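Visitor: dropping the sequence and predicted coords here.
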Amino acid sequence: MEKKLVIIRYGKQEGNDTFSEMIKTDSWKLETIELSKGEPLPGHLENIDGLLILSDSMNVYDQSSFPLTIYMNS
């Protein structure tokens, strides 16, 4: 049975294509959501077997430089 992985991306990430190719070979169906392009988040998590959230070069120590942005679906 094929599993569904949703990848939520914001900004530019390095090495994403390598990860996507690796997952495709293991019977995963991929759905990529580009928040920086205004694509909406899923309305629910039913039927999603995995969720991967990727951002650009920001890390936990960069909070003052990159304030947290919250995206919500109405």
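Guide: Yes, it's here.
Visitor: what residues of stretch 49-59 count as buried?
Guide: The neighbour-count check on stretch 49-59 (16 or more other CB atoms under 10 Å) flags Leu54, Ser55 as buried. Backbone N, C-alpha and C define where each C-beta goes, glycine included.
Visitor: and it, C-alpha only, in CSV?
Guide: The C-alpha coordinates for stretch 49-59 follow below in CSV (Å, rounded to 0.1, in the frame of the first residue of the first chain):
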residue,chain,number,x,y,z
ASP,A,49,1.2,9.1,6.7
GLY,A,50,4.1,11.6,7.1
LEU,A,51,4.7,15.3,7.3
LEU,A,52,8.0,17.0,6.6
ILE,A,53,8.3,20.8,7.2
LEU,A,54,11.3,22.5,5.5
SER,A,55,12.5,26.0,5.7
ASP,A,56,15.6,27.9,4.4
SER,A,57,18.8,28.4,6.4
MET,A,58,17.1,29.6,9.6
ASN,A,59,17.8,27.6,12.7
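Visitor: least trustworthy helix or strand in this structure by mean pLDDT?
Guide: helix 16-24 (a mean of 69; mean pLDDT, DSSP states H and E).
Visitor: now the strands: where do they sit in this structure?
Guide: 3-9, 28-34, 50-54 (DSSP state E).
Visitor: partner strands of the first one and their direction?
Guide: The one in question is strand 3-9. strand 28-34 (parallel), strand 50-54 (parallel) (DSSP bridges).
Visitor: low-confidence ranges, this protein, go.
Guide: 13-20, 24-25, 57-74 (pLDDT under 70).
Visitor: now the strands of the chain in a markdown table, with distance to Met22?
Guide: A markdown table is the format used below for the strands of the chain (distance: least, CB to CB, whole Å):
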| stretch | distance to Met22 |
| --- | --- |
| strand 3-9 | 11 |
| strand 28-34 | 9 |
| strand 50-54 | 12 |
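Visitor: go through the strands paired with strand 3-9 and name the closest to Gly43.
Guide: strand 28-34 (11.9 Å; CB to CB).
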